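**Q** Starting from these lines, generate the structure:
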Amino acid sequence: MSKLWKLFIISLSLWSCDNEIKIAAPWKETMVVYGLLDPAAEVNYIRIQKAFLDQAGHAFQYVNTVDSIYPDALDVKLMVRKNGQLIDSIFPKLIDGNSEGIAKDTGLFANSPNYLYKITERIKDSRLITGGREDYEYQLKVRNKTTGYECSSKTLTTGLLESISPVSDNLSPITINDKTNSYISVYYREGRNVKTYDLVLRFWYKEVLLSDTSKKEVKFLNWEIFKNKATHSLNGYETELFAVSGSIFYEILNASIKPNSLVKREALYCDVEYYGAGEDLYTFIQVNQPSLGIVQKKPEYSNIYNGLGIFSSRYVTRIKKIPVSSDMKKTLKLSTYTKDLNF
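**A** Residues are numbered from 1 along each chain as shown. The predicted model follows:
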């Protein structure tokens, strides 16, 4: 067979092929689950939505259609195990978050109703005890009663962080100096099953209008002392000592608060918040960080079996309304960074 004849046959076969490109695979029921169990919280929530696809239309047509976002008739169950032994079962309640003051962020998707699964039972924290450990595993199971579809996940809970310095539960006054060679010692004991910590100090102050002292406004400013600081291990109970220059705090005040001769400012108190992330949550955050390299494609990460999303644990340790010491109030008034801010 000549080369010309072969080319003719190939061209005929190509011409006769269906040239319609199908970029979407056949639809498959898939739940998208987001849940972070916090033993320090009085109430926890899980969001369960469904992925959707219409091969004949545009996906943006459906983002505001509630039926396209939320599944019907779900059985949602949490099984609680202590050191591997089943000790309890929890059945989260379906609620509208909007009715409880939990507003869904605005965006492409419909934000009303805002369906969530509410857990009022206290989440048990994992810990070391004399002669052993108490690890609590929560296994989530979701089942569509209509279709029989199921997805699941599980997580070990995170444990309590013990803050030792610069603040502790005894609420001793806090002092932050502005000298470049003066440091704050951040000292704490890590919680069990925690992979990383963020630490935020929130400084609260009051502005009083000098021409009318009845007009007052309470404001705050956040100082993110560190972020994604790795723990020694998931075992917990290791102590960590971290030093940070106090002048950074005053530099932040200088950059964030504008001088205003019409108001008098008064330091009120500080809050300290440690955010401990479980291992799966840490991995999810790392994978979804913006890519700075040439290759922009990032792998997907999900620990939901037969679904998408993240189900993990965190532990938020909050120490609130820590008094500001008289020395710190004096520094706020006289420091070169803040002397023009009328503290």
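**Q** Tell me the buried residues in stretch 113-124?
**A** Across stretch 113-124, burial judged by 16 or more other CB atoms under 10 Å covers 114-117, 119, 123-124. To be clear about C-beta, it is placed using only N, CA and C from the backbone, and glycine gets the same treatment.
**Q** got it, and stretch 244-251?
**A** 244-247, 249-250.
**Q** and what of stretch 171-188?
**A** Under the neighbour-count criterion of 16+ other CB under 10 Å, stretch 171-188 has 174-178, 184, 186-188 buried.
**Q** Please enumerate residues in contact with stretch 229-236?
**A** Defining contact as CB atoms under 8 Å, 6 or more residues apart in numbering, one finds that stretch 229-236 is touched by 126-128, 159, 190-199, 238, 240, 242, 279.
**Q** Whichever of those end up buried, select them in PyMOL.
**A** A single PyMOL command selects the buried members of the contacts of stretch 229-236 (16+ other CB under 10 Å):
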select buried, resi 126+127+159+190+191+192+193+194+195+196+197+198+199+240+242+279
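**Q** Might you specify the subset of the contacts of stretch 229-236 located within strands?
**A** Members of the contacts of stretch 229-236 lying in strands (criterion: DSSP state E): 127-128, 196-199, 240, 242.
**Q** With respect to Ser326, which of the buried residues of stretch 113-124 is nearest?
**A** Taking CB to CB as the measure, Ser326 lies nearest Ile123 of the buried residues of stretch 113-124, at 39.8 Å.
**Q** Identify the residues contacting that closest one.
**A** Ile123 makes contact with 37-39, 41, 44, 136, 138, 157, 313, according to CB under 8 Å, 6+ apart.
**Q** Just the buried residues of those residues.
**A** For the contacts of Ile123, a burial check counting by 16+ other CB under 10 Å picks out 37-39, 44, 136, 138, 157, 313.
**Q** okay, those in a markdown table with pLDDT and secondary structure next?
**A** Output for the buried ones among the contacts of Ile123, formatted as a markdown table (pLDDT from 0 to 100; DSSP: H, G, I helix; E, B strand; the rest coil):
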| residue | pLDDT | secondary structure |
| --- | --- | --- |
| Leu37 | 98 | strand |
| Asp38 | 98 | coil |
| Pro39 | 98 | coil |
| Asn44 | 98 | strand |
| Tyr136 | 98 | strand |
| Tyr138 | 98 | strand |
| Thr157 | 98 | coil |
| Ser313 | 98 | strand |
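**Q** how about TSV for the residues you listed, with distance to Ile257 added?
**A** As requested, the buried ones among the contacts of Ile123 are exported to TSV (distance: CB to CB, whole Å):
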residue	distance to Ile257
Leu37	37
Asp38	32
Pro39	36
Asn44	36
Tyr136	44
Tyr138	43
Thr157	39
Ser313	36
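**Q** quick one: which of those is nearest to Val218?
**A** Minimum separation from Val218 among these (CB to CB) is found for Asp38, which lies at 26.3 Å.
**Q** tally of neighbours for the closest residue to the closest one other than its chain neighbours?
**A** Leaving out its chain neighbours, the residue that sits closest to Asp38 by CB to CB, 6 or more residues apart in numbering is Arg314, at 5.3 Å. For Arg314, the neighbour count with other CB atoms under 10 Å is 20.
**Q** Tell me the strands beside the helix or strand encompassing Arg314, with direction?
**A** Taking DSSP states H and E as the definition, one finds Arg314 inside strand 308-323. Note on strand 308-323: by DSSP bridges, its sheet partners are strand 31-37 (parallel), strand 263-277 (antiparallel).
**Q** I'd say Asn44 and Tyr34 touch.
**A** No: judged on CB atoms under 8 Å, Asn44 makes no contact with Tyr34 at a distance of 11.8 Å.
**Q** low-scoring stretches of the stretch 51-200 of the chain, by residue?
**A** Applying pLDDT under 70 to the stretch 51-200 of the chain picks out residues 52-68, 104-112.
**Q** So which residues of it form helices?
**A** Applying DSSP state H, counting those that start in this stretch to the stretch 51-200 of the chain gives helices spanning 66-69.
**Q** Strands of the stretch 1-150 of the chain, residue ranges please.
**A** Ranges of strands in the stretch 1-150 of the chain, per DSSP state E, counting those that start in this stretch, are 31-37, 44-50, 74-82, 85-90, 93-96, 115-119, 127-129, 132-134, 136-144, 150-156.
**Q** Tell me the spacing between the residue nearest to Asp327 when sequence neighbours are not counted and Trp204.
**A** Excluding the flanking residues, the one nearest Asp327 by CB to CB, 6+ apart is Thr175, at 5.2 Å. As defined by CB to CB, to the nearest Å, Thr175 lies at a distance of 16 Å from Trp204.
**Q** What of Asp72?
**A** 45 Å.
**Q** ok, now Glu300?
**A** According to CB to CB, Glu300 stands 40 Å off from Trp204.
**Q** Who has more neighbours out of the two?
**A** Legend: neighbour count by other CB under 10 Å for Glu300 and Trp204, higher for Trp204 (18 against 7).
**Q** That one is in contact with Arg265, isn't it?
**A** No: the criterion here is CB under 8 Å, and Trp204 misses it with Arg265 at 11.1 Å.
**Q** So what's the residue count around the closest residue to Thr120 other than its chain neighbours?
**A** In space, Thr120 comes closest to Val43 once its chain neighbours are excluded; the distance is 5.8 Å by CB to CB, 6+ apart. When neighbours are defined as other CB under 10 Å, Val43 has 13 of them.
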